[in-house]
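A.B. asks: With the sequence up front, the predicted model follows.
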Amino acid sequence: MSFDINFIGILIGAIMASSVPLILAACGELITERSGVLNLGVEGMMIIGAISGFALMVVTDNLFLAVMGSMLSGLIISIIFALLTQSLLTNHVATGLALTIFGIGMSAMIGKNFVGIPGKEFPLLFVNLKESVPFFGPIIFGHSIILYFAFLLPFLTNYFLKNTKVGLIVRAVGDSPTSASNQGINVLLVRYSCILYGGAMCGLAGAYLSLIYTPQWIENMTGGRGWIALALVVFATWSPIKVLIGALIFGGITILQLHMQAVGLRIPVQLLSALPYIMTIIVLVVISRDSRKIKLNTPTSLGQIFYKEK
C-alpha cells in the first residue's frame, strides 16, 4: 500500500513539473493582456528563452547566468514587440505572430550547434526529505526553486492585480486607456512595463524547459506550450488562480498520455501526443462557459491600438 501511495505522490510531482512552463508563461501574458495588449508571440519568446539559457549554460557553465540570460532574451524580444505595437502602432495580432515565427527560426539557427550536448544538473531543494516523507515527499520536496516560484506566482499575481495601486492602474489602462491617460496615467509606460514583464516570464518558462524539465536542446522543444498558455489566459477569464488550475489539468493529461504510450496501448502515437491539447481546451471551455463572467473580466481595450492625441 505504501508503494501505491508513494507512486501517486511521484505522479502528482511529475504533473506539477509538467505544468510549470505554462504557469510562468500564462501569468506573464495575463499581466500583459490586463494592460490591454495582446501578444501572440509567447511561443517565440519561450523558445528563444530555451535556447538562450541552454547556450549560456554550455558557454559559461553557470546556471544562474543561464536563467538570467533566458529572462533577458525574452525581455529583449518583448521590447521589439513593444516598440512596434506601442510606438509604431502596428497591429498586435500580426506583430505577435511575426514574433513567434522569428523566435522559432532564430532558435533553430542558434541551436544547431548545441544539439546532442547534455545539460547540467540543476540543484534541487530538500532532496533528503523527498524519500523520507511518504506520499507528500515527492509532491512538496525535491524540486527546483523555479517550480516553487511558479506555484507561488498565480497567488502573487492575483494579489498584485486586486490589492495594489499599481495593479489597479494596470487594470484601468486595460479597460480604458483614454480615461486612464486623462487621469494622468502614463499609458505607454504601463504597457511597456507589462509587455517586458510578460517577455521575461516567457523567457524563464523556456529556461525551465531546456535547463530543468528536459536538460538538453531540442529544436522546437516548446511544442506549442506558448499557444496553450495563451489559451489558458482567455479560458481562465484572466484569473491567475484559474490559470494555475488549467495548467495542472494540462500537466496531468500530458503525463497521462506518456504513461499510455509506455504501457503500449494500441492508440496512434500522434493522437496520444495531441491528447493534452485537445482535452485541455475541452475542459477549459467547459469551465469557462459563463459568458457573462468572461465579458465582465475581459480587458475592454484588449488588442486595440492606443494613440494619445497631442
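C.D. replies: Here it is on my side, so go on. Residues are numbered from 1 along each chain as shown.
A.B. asks: Report the mean confidence score over stretch 39-54.
C.D. replies: The average pLDDT within stretch 39-54 is 96.
A.B. asks: Which stretches in the stretch 51-200 of the chain count as helices?
C.D. replies: Along the stretch 51-200 of the chain, counting by DSSP state H, counting those that start in this stretch, helices occupy 63-82, 92-111, 127-132, 136-140, 145-163, 165-175, 177-182, 187-208.
A.B. asks: most tightly surrounded among those helices?
C.D. replies: helix 187-208 (a mean of 26; mean count of other Cβ atoms under 10 Å). Just so you know, the C-beta spots here come from the backbone N, C-alpha and C atoms, and that holds for glycine as well.
A.B. asks: May I see the buried residues of the very next helix or strand once past it?
C.D. replies: The C-terminal neighbour of helix 187-208 among helices and strands, as given by DSSP states H and E, is helix 225-235. By neighbour count on 16 or more other Cβ atoms under 10 Å, the buried set for helix 225-235 is 225, 226, 228, 229, 230, 231, 232, 233, 234, 235.
A.B. asks: Wait, the last one touches residue 246, no?
C.D. replies: Yes: applying Cβ atoms under 8 Å as the test, residue 235 and residue 246 come out as touching, 6.4 Å apart.
A.B. asks: What pLDDT does the model give residue 246?
C.D. replies: 88.
A.B. asks: In a helix, it, correct?
C.D. replies: Yes: under DSSP: H, G, I helix; E, B strand; the rest coil, residue 246 falls within a helix.
A.B. asks: how much space is there between it and residue 142?
C.D. replies: 25 Å (Cβ to Cβ, to the nearest Å).
A.B. asks: Please name the nearest non-neighbouring residue to residue 110.
C.D. replies: residue 51 (5.2 Å; Cβ to Cβ, 6 or more residues apart in numbering).
A.B. asks: same thing with residue 41?
C.D. replies: Per Cβ to Cβ, 6+ apart, closest to residue 41 is residue 99, 3.0 Å.
A.B. asks: how much space between that neighbour and residue 62?
C.D. replies: 28 Å.
A.B. asks: just residue 206 next, same as before
C.D. replies: 17 Å.
A.B. asks: The helix or strand in which residue 241 is found packs against which elements?
C.D. replies: Residue 241 is located in helix 240-262, with elements delineated by DSSP H and E. Helix 240-262 is packed against helix 2-34, helix 145-163, helix 225-235, helix 269-287, with contacts defined by 3 or more Cβ pairs under 8 Å, 6 or more residues apart in numbering; DSSP states H and E.
A.B. asks: Which positions within the first one qualify as buried?
C.D. replies: It stands for helix 2-34. For helix 2-34, a neighbour-count test (16+ other Cβ under 10 Å) marks 6, 9-34 as buried.
A.B. asks: neighbour-wise, which of residue 246 and residue 142 wins?
C.D. replies: Neighbour count, other Cβ atoms under 10 Å: between residue 246 and residue 142, residue 246 has more, with 28 against 18.
A.B. asks: Check the nearest residue to the more buried one once chain neighbours are set aside and give its pLDDT.
C.D. replies: The shortest distance from residue 246 to any non-neighbouring residue, by Cβ to Cβ, 6+ apart, is to residue 232 (4.6 Å). Residue 232 carries a pLDDT value of 89.
A.B. asks: ok so, going back, can you tell me what sits against the helix holding residue 241?
C.D. replies: For helix 240-262, contacts defined as Cβ atoms under 8 Å, 6 or more residues apart in numbering pick out 11, 14-19, 22-23, 26-27, 30, 151, 153-155, 157-158, 161, 228, 232-233, 235-236, 267, 269, 272-273, 275-276, 279-280, 283-284, 287-288.
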